[in-house]
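Trainee: Here you go, sequence then predicted model.
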Amino acid sequence: DQQVKQNSPSLSVQEGRISILNCDYTNSMFDYFLWYKKYPAEGPTFLISISSIKDKNEDGRFTVFLNKSAKHLSLHIVPSQPGDSAVYFCAASAAQGGSEKLVFGKGTKLTVNP
Amino acid sequence: DAGVIQSPRHEVTEMGQEVTLRCKPISGHDYLFWYRQTMMRGLELLIYFNNNVPIDDSGMPEDRFSAKMPNASFSTLKIQPSEPRDSAVYFCASSDHGNHNSPLHFGNGTRLTVT
C-alpha cells in the first residue's frame, strides 16, 4: 500500500505561470514532509520541507502548503522556469523514525515550456 | 565537498551473476542509506546504517541482497544471484544526523540492467 501518493505522473506548464504539484498521504503519524527534485541521470536533491505544526513554508519561488485534515500537501512554483523541469518527489516521515523512515511518492514529472 | 559518489554508473549483467554496487558517503555523515527506484514502486528504502552499523534492513527484498559498511567512507550493496526483476536504479544517500533536520544527500545512482 502506498502511504505517499502523487497521483499525477506528469504536469506541463508554460514559463512564467504557476506550477502546482500535489501529494496525498495516508499515515496520520507523518509529521514532517519534504520535496525533492530530480534531474535525469542525477540523484534527488532536497528542495523544501514543512513540519506538521505549520501549514505553509516559503523559500523563494517555492512554497509548500500542508492541509493536515485532508492529509494533503502541495508544492507551488511561481513563476515557473524551464530549469524547473524535473521529477519532483514528495516524501514524509514520522518524528519517531526521523529520516530513516522517509517514505517517498512515485514522483511527478514537471515540464516547463519556454 | 564531492558529494555522495556511487560506482559504477551503469551495470549490465546476465541473470545469475553477482553484482556489487559501491558508495562513498559525504565525509562526516554518519548515516548511509540504500534506495532502489523502479517505475512500479518508486523510491524504496532497502537498508540504512548508522556509524557503519546496519540499523534496519527490512526493506531488503530477499536474501539475495546484502549490504555492508566496513568503514565510514565505504559501503557496498551486493546481489547474488541477480535476476531480471532486480533491474532498477539504485541510489545511495547519506546524512549527518539521520533526522529530518538533516536532509538526505543522494548520489547519482547506479542503473542496473539484468538480462
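Mentor: Perfect, I can see it now. Numbers count the residues shown, from 1 in each chain, chains lettered A, B, ... in the order given.
Trainee: how much space is there between the closest residue to chain B within chain A and residue B:6?
Mentor: Here chain A gets closest to chain B at one residue, residue A:43, 3.0 Å apart by C-beta to the nearest C-beta. The C-beta positions use only the backbone N, C-alpha and C, and glycine is treated the same way. To residue B:6, residue A:43 is 8 Å away according to C-beta to C-beta, to the nearest Å.
Trainee: what sits in contact with each of those two?
Mentor: Between them, residue A:43 and residue B:6 share these contacting residues under C-beta atoms under 8 Å, 6 or more residues apart in numbering or on different chains: B:91, B:107, B:108, B:109.
Trainee: what's the following helix or strand after the helix or strand hosting the first one?
Mentor: Which is residue B:91. If you go by DSSP states H and E, residue B:91 is part of strand B:88-95. Remark: after strand B:88-95, the chain's next helix or strand is strand B:105-106, criterion DSSP H and E.
Trainee: which pair in the shared contacts of residue A:43 and residue B:6 spans the largest distance?
Mentor: Taking C-beta to C-beta as the measure, the shared contacts of residue A:43 and residue B:6 span a maximum distance of 8.2 Å, between B:91 and B:108.
Trainee: ok, the two, which is more surrounded?
Mentor: Per other C-beta atoms under 10 Å in any protein chain shown, whichever of residue B:91 and residue B:108 has more neighbours is residue B:91, with 26 against 18.
Trainee: and chain B, which residues reach chain A?
Mentor: Chain B has residues B:4, B:31, B:33, B:41-45, B:48, B:50, B:55-56, B:91, B:93, B:95, B:97-100, B:102-109 near chain A, with proximity defined as C-beta under 8 Å from any C-beta of the partner chain.
Trainee: which residues of the chain score low on pLDDT?
Mentor: In the absence of a named chain, chain A is used. Residue ranges of chain A with pLDDT under 70: A:1, A:95-100.
Trainee: Wait, chain B was what I had in mind.
Mentor: Along chain B, segments meeting pLDDT under 70 span B:1, B:98-101.
Trainee: got the contact list for the residue of it found nearest chain A?
Mentor: Closest to chain A within chain B is residue B:106: 3.0 Å, counting by C-beta to the nearest C-beta. Residues in contact with residue B:106 (C-beta under 8 Å, 6+ apart) are A:43, A:44, A:45, B:4, B:35, B:91, B:92, B:93.
Trainee: now the residues you listed as JSON lines including distance to residue B:74?
Mentor: Shown next, in JSON lines, are the contacts of residue B:106 (distance: C-beta to C-beta, whole Å):
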{"residue": "A:43", "distance to residue B:74": "18"}
{"residue": "A:44", "distance to residue B:74": "22"}
{"residue": "A:45", "distance to residue B:74": "23"}
{"residue": "B:4", "distance to residue B:74": "12"}
{"residue": "B:35", "distance to residue B:74": "18"}
{"residue": "B:91", "distance to residue B:74": "16"}
{"residue": "B:92", "distance to residue B:74": "10"}
{"residue": "B:93", "distance to residue B:74": "15"}
